[in-house]
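>>> Below is the structure, and that's it, no one-letter string:
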């Protein structure tokens, strides 16, 4: 393991210093929960009898109170391909627990919405705040004080961050995230994008588009592009919260089953009454958070984590900001090309060496903290090995010294780019995230007149009418968390991609989100402060020239300073209700900005 890179060390020290008081308060919180909080041994007879009444086969063991009881929090539903495999996990995990003298119970379920289903629909306005709902649901499940360790069954966008945030309030409990794996590869991504753009131009119909989409998303498992769901799995590996190598093994395989079994056995071994106690709140420290950021940048992961990672960190008493990500981005090279950052998907990434090689080369270059407390192994170096089944069908791990496909994955010494995949851009329009990893460097700077919208559907209408056939910065405002829940605007990418292919200089600027599927069009997203509360985007007018430059870190309207200061912000539109959106009004009204994590729950909790 090499000496830590000086920029990684400096950012880590910056975070530790900034977080000192909050981290100390958090550690005191979980210490109290461990030493003087409610646990199974303190429950009354009536409490305990209620808790094991339905545990056929495990009643005697739970009643005796001498064996660890694992709490399972599950995001199972069979509408999401990624979470459908979890349906049978609890019964399997109970059998695995009995193998080592432990027990397991489903502590509770959490909602799991799919951004793929709600993309471009009004349901997307519930998406970001489903993360807080998931955190609350996780806390409800764990509040029964029945468990010595926790298994979190979740994969997708808001689900893993939400579960982690909730579980961190019970950070005295050892916790392992148990993935389900990606579906096998379907229609190549390049072909899928071509059909989407042809549909946007009216060259193919709905049936052709639906056929292409169904060939791409075709079976149980996580979607295979490198969006937020698969970025979640990458982060859990570099934070040491998986069984090593668990991230990208396909569902329904014997290896997948063996990894789940290993997770259950390990949870029994690291429980709070054992000799190898590894509480979640100590695993998720400042170094682990920096590792997550480094992994995100090195692999070109989802921009959603510019929001989720600060929120996860806050739940553990740690404060990070976009400047931390920007500083790291200048030091961490881009070593992976996974769609939309390249042609191949996560299955090809995994076949090339996947997380094992990624962690190995980043550790060797001093870009990851190896000395973190992981849920398994002595250090993060144990995650630089690939899980396999030996000749007897038992789980084993092997070294991955080299990339097996350098079109997908490269060593730090030969990166695709010398810097990482996200930049902070700032100026008189606010602060925003620019994902550079999928954008050609020739398009890192765009300067063009703005066309301003307050609704994504208006953009599509203008595109179809030919009104955007020119150099243009498309601005979609009043899309922030306090406005309408900060929906993803991925629906706009095919239309903007068509304009770019025509040779126009095109960019998107928005206080909304764009996800890990943002693709080849330059975009400044999560603009803060948002337009809803009078942020600078509300001052912008059609025809104002906007400069967006990832290289110089600029997001600015090229308008005379005096005129800019004199402008009255455009009033916010009236946002519609329906589809349950009105029930989430208290989340919108109480949340903070994207850079802090966009969470009303964390604000209300004083975190």
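It's in. Bear in mind that the values here come from a model prediction, so they are computed numbers and not experimental data.

>>> from here on, contacts and neighbour counts on C-alpha atoms
Will do.

>>> who touches stretch 429-439?
300, 303, 306, 322, 334, 340-342, 420-426, 444, 518-529, 535-537, 550, 555-557 (Cα atoms under 8 Å, 6 or more residues apart in numbering).

>>> at 7 Å what do you get?
The contact list for stretch 429-439 (Cα atoms under 7 Å, 6 or more residues apart in numbering) reads 300, 303, 340-341, 420-426, 519-529, 536-537, 550, 555-557.

>>> swap in stretch 298-314?
The contact list for stretch 298-314, computed with Cα under 7 Å, 6+ apart, reads 161, 164-165, 226-228, 231, 289, 319-321, 332-336, 341, 420-421, 435, 437, 515-516, 594-598, 607.

>>> buried set for that stretch?
298-314 (16 or more other Cα atoms under 10 Å).

>>> can you give me the helices for the stretch 301-450 of the chain?
305-315, 322-329, 346-351, 354-364 (DSSP state H, counting those that start in this stretch).

>>> Let me have those in a markdown table, extended by distance to residue 546 and mean pLDDT.
Formatted as a markdown table, these follow (distance: least, Cα to Cα, whole Å; pLDDT from 0 to 100):
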| stretch | distance to residue 546 | mean pLDDT |
| --- | --- | --- |
| helix 305-315 | 23 | 97 |
| helix 322-329 | 22 | 96 |
| helix 346-351 | 35 | 96 |
| helix 354-364 | 37 | 98 |
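
>>> Of all the ones you listed, which one is nearest residue 222?
Across those, residue 222 has its closest neighbour in helix 346-351 (9.7 Å, Cα to Cα).

>>> And that closest one, how far out from the chain middle?
18 Å (Cα atoms, centre = their mean, to the nearest Å).

>>> before we move on, what about stretch 98-117?
Remark: stretch 98-117 is offset 19 Å from the chain centroid, using Cα atoms, centre = their mean.

>>> Which residues does stretch 37-51 contact?
Residues outside stretch 37-51 that contact it (Cα under 7 Å, 6+ apart) are 145, 146, 147.

>>> hmm, try it at 6 Å
145, 146 (Cα atoms under 6 Å, 6 or more residues apart in numbering).

>>> Please identify the buried residues of it?
Going by neighbour count (16+ other Cα under 10 Å), the buried part of stretch 37-51 is 39, 40, 48, 51.

>>> Over to stretch 107-126?
Neighbour-count burial for stretch 107-126 flags 107-115, 118-120, 122-126 (criterion: 16+ other Cα under 10 Å).

>>> So which of those are in strands?
If you go by DSSP state E, these have 107, 108, 109 in strands.

>>> Would you format these as a markdown table with pLDDT and distance to residue 281 included?
Putting those into a markdown table (pLDDT from 0 to 100; distance: Cα to Cα, whole Å) gives the following:
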| residue | pLDDT | distance to residue 281 |
| --- | --- | --- |
| 107 | 97 | 19 |
| 108 | 97 | 21 |
| 109 | 97 | 22 |
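
>>> Which one of those is nearest to residue 563?
Proximity of those to residue 563 (Cα to Cα) peaks at residue 109, which lies at 53.4 Å.

>>> Phi, psi for the closest residue to that closest one other than its chain neighbours please.
Closest residue in space to residue 109, ignoring its immediate chain neighbours: residue 74 at 4.8 Å, by Cα to Cα, 6 or more residues apart in numbering. Dihedral pair for residue 74: phi -120, psi 140, per degrees, to the nearest 10.

>>> count of neighbours near residue 74?
Neighbour count for residue 74, taken as other Cα atoms under 10 Å: 27.

>>> now residue 332
Neighbours around residue 332, by other Cα under 10 Å: 29.

>>> what's near enough to touch it?
Residue 332 makes contacts with 298, 419, 420, as judged by Cα under 6 Å, 6+ apart.

>>> Return the subset of those lying in strands.
Among these, no member falls in strands (DSSP E).

>>> Tell me where the stretch 51-200 of the chain has helices.
Applying DSSP H, counting those that start in this stretch to the stretch 51-200 of the chain gives helices spanning 59-64, 89-99, 115-118, 127-142, 159-168, 189-200.

>>> Tell me the buried residues in the second one?
So the one you mean is helix 89-99. By 16+ other Cα under 10 Å, the buried positions in helix 89-99 come out as 89, 90, 93, 94, 95, 96, 97, 98.

>>> closest to residue 294 among those residues?
Taking Cα to Cα as the measure, residue 89 is the one of these closest to residue 294, at 31.3 Å.

>>> And the pLDDT for that closest one?
Residue 89 carries a pLDDT score of 97 in this model.

>>> For residue 73, see how far away it is.
11 Å (Cα to Cα, to the nearest Å).

>>> try residue 451
Separation of residue 451 from residue 73 (Cα to Cα) stands at 45 Å.

>>> hey, where'd the strands end up in this protein?
69-74, 103-109, 149-153, 175-177, 385-389, 395-399, 422-427, 430-435, 445-453, 472-476, 506-510, 523-528, 545-549, 554-557.

>>> can the ones you listed go into JSON lines with extra columns for distance to residue 405?
JSON lines is the format used below for the strands of the chain (distance: least, Cα to Cα, whole Å):
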{"stretch": "strand 69-74", "distance to residue 405": "35"}
{"stretch": "strand 103-109", "distance to residue 405": "39"}
{"stretch": "strand 149-153", "distance to residue 405": "31"}
{"stretch": "strand 175-177", "distance to residue 405": "28"}
{"stretch": "strand 385-389", "distance to residue 405": "16"}
{"stretch": "strand 395-399", "distance to residue 405": "16"}
{"stretch": "strand 422-427", "distance to residue 405": "24"}
{"stretch": "strand 430-435", "distance to residue 405": "24"}
{"stretch": "strand 445-453", "distance to residue 405": "31"}
{"stretch": "strand 472-476", "distance to residue 405": "37"}
{"stretch": "strand 506-510", "distance to residue 405": "32"}
{"stretch": "strand 523-528", "distance to residue 405": "29"}
{"stretch": "strand 545-549", "distance to residue 405": "32"}
{"stretch": "strand 554-557", "distance to residue 405": "35"}
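
>>> No further questions, thank you.
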